[in-house]
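> build me a model from this:
(2 chains)
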Amino acid sequence: MTNHLSPIVLNALADGELSADQLAIAKEHLDGCSSCTSNALAQALLKTATAKSGQRYAVPRDFQERMKRLASQQPSQPETPALRSNRIPLPASRNAFAGWATAAIVLVLLGSWIFLEHHALRTNVASTENAALVTEVCDLHIATLAANQPPQVVSSDRHTVKPWFQGKLPFSFNLPDNLPDDTKLDGANLTYLHNRPVAQLLYSIGRHHVSVFIQERTSVSESSNLPTEHSGFQISTFSTQDLEGIAVSDVDPTRLSSLVGLIQRAQTDANSRPASTP
Amino acid sequence: MTLLPWRRKVRESGPQTSSFEDLALPLLPALYNVAFWLARNAHDAEDLVQETFLKALRGFSSFEPGSNFKAWIFRILRNTYLTSRSGLASLRTVALEDELGEQDESGPTLHPEGAIDRQTPELNLIRLGDQAALHVAMEKLPPPLLEVILLCDVEEMKYKEIAAILEVPIGTVMSRIARARAFLRKELQTSTAATREIRI
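Sure, this is the predicted structure:
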């Protein structure tokens, strides 16, 4: 196989820009060329990673408000000050009353508007952050499967996996010792979620792979309102006083929840044990 | 075949409205993000977006309802950037890149095989997990390559839309995307090699 797909074709493939004919030719080539298949996957992963990395700068709130005010201006009516100067003045007492009344109404309206805006903004920000977190978690899980690399620590022994994270994470966690028959620990990776170090525990339930991401709990709980499904993957979460966990897999949701429950209990059981217990 | 179907969101616009506010405000985060990447600082990014909004507001009567508002306003942003201080500095780079781009459009054989690293794809896959390294690599991208990557990957625009915004042929868009991704992969590889040397 000498005539490999060109970079332009590989990029167009990743961008979904090939025509049906071009796509058929490319697919036929990919079926027999592992080198191009690998490069096509790398291009697709690069695109995903770039999209994530490129979505970086959030609009400052005050600037957003300024732009809202600017955008709400009607292009056909820019002469507001001139219109205001043409008003007929009211008698002094009536003018004062009208002024106070207007001020009160404006205050009430402004207060209501700020409350509603703040509420809507918080809701929007929370839902956007949750969506970004789920997407990142799923992408990491997929990238782990696609890379076809062994985990950074390969062991089914929790006493090997847990100590491996010493000095690598600013927190510690426990792993359950009694797993169901068809569930086993494959190993773990040190990875990053929203630029924070997290432990990615890799389990197998039957032939299904599971990634469990454990991170330090912050003041704002990120995983509390995550969707239970994303792009066909099941999502299950747990949180303790100090930790948050997010599990992703294509396994049956009941079995995933069962594993997550065991991991959660491992944290809480350990906390309730005497201090001398290892 | 789309390799990443979960990333390919449906972007059809909703019911057509004639209000500038309705059309422009949802695009504010995207405009600001691209502006920040291009201008490299918050103050210039705000100036750039505000100037874009003002120009768009003034010219909104000339906008054809039903056509692509996103492409229209991004084109204004890009033209505003090019006439800004930092944009003017990138103009020379645009000319040079176009020169290279025309060569690339003539066929795939002109691409050096090294543009796609066929020897160590695994290395690249591993490195792609490192967002910090990728961010550093993106910051090193020349402006013409950075803007095309932002529009294609971050804004998920089609090549046709990007070509309309940048006012270049689709072939140039394709070759810039190829060069931008080759650049990123090379940077990530260099970064990986440097990390390995430090570890050794």
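> find the closest residue to chain B in the stretch 101-250 of chain A.
Across the stretch 101-250 of chain A, the shortest distance to chain B (C-beta to the nearest C-beta) belongs to A:Ser231, at 4.0 Å. No exception for glycine: its C-beta is placed from N, CA and C like everyone else's.
> tally of neighbours for that residue?
By the criterion of other C-beta atoms under 10 Å in any protein chain shown, A:Ser231 has 16 neighbours.
> B:Ala24 now?
22.
> now the helix or strand where it lies: buried residues?
Using DSSP states H and E, B:Ala24 sits within helix B:20-24. If you call a residue buried by 16 or more other C-beta atoms under 10 Å in any protein chain shown, then helix B:20-24 has these buried ones: B:Phe20, B:Glu21, B:Leu23, B:Ala24.
> in a markdown table: the residues you listed, plus distance to A:Ala247.
Conversion of the buried residues of helix B:20-24 to a markdown table gives the following (distance: C-beta to C-beta, whole Å):
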| residue | distance to A:Ala247 |
| --- | --- |
| B:Phe20 | 45 |
| B:Glu21 | 42 |
| B:Leu23 | 40 |
| B:Ala24 | 40 |
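> helices of the chain, residue ranges please.
Picked chain A for this. A:7-14, A:20-32, A:34-54, A:61-71, A:80-85, A:92-147, A:158-164, A:253-272 (DSSP state H).
> looking at chain B here, not the other one
Counting by DSSP H, the segments of chain B that form helices are B:20-24, B:28-39, B:42-58, B:69-82, B:85-105, B:121-127, B:131-140, B:143-149, B:159-166, B:170-199.
> out of those, deepest packed?
Ranked by mean neighbour count under mean count of other C-beta atoms under 10 Å in any protein chain shown, those are led by helix B:143-149, which reaches a mean of 24.
> quick one: that helix near chain A?
Yes - counting by C-beta under 8 Å from any C-beta of the partner chain, contacts between helix B:143-149 and chain A involve B:Ile149.
> quick one on the thing from earlier: list just the nearest of the buried residues of helix B:20-24 to B:Tyr32.
B:Ala24 (11.9 Å; C-beta to C-beta).
> residue ranges with poor pLDDT in chain B?
Along chain B, segments meeting pLDDT under 70 span B:1-18, B:85-129, B:192-200.
> again, 50 this time
B:1-16, B:94-97, B:99-119, B:121-122 (pLDDT under 50).
> which residue is nearest the centroid of chain A?
Closest residue to the average C-alpha location of chain A: A:Leu133 at 1.2 Å, with C-alpha atoms, centre = their mean.
> so that one is in contact with A:Leu226, correct?
Yes - the pair A:Leu133 and A:Leu226 qualifies as a contact (C-beta atoms under 8 Å) at a distance of 6.7 Å.
> how about the residues of the stretch 101-250 of chain A near chain B?
By C-beta under 8 Å from any C-beta, the residues of the stretch 101-250 of chain A that approach chain B are A:Cys138, A:Leu140, A:Ala143, A:Ala146, A:Ala147, A:Asn148, A:Gln149, A:Thr191, A:Tyr192, A:Asn195, A:Ser231.
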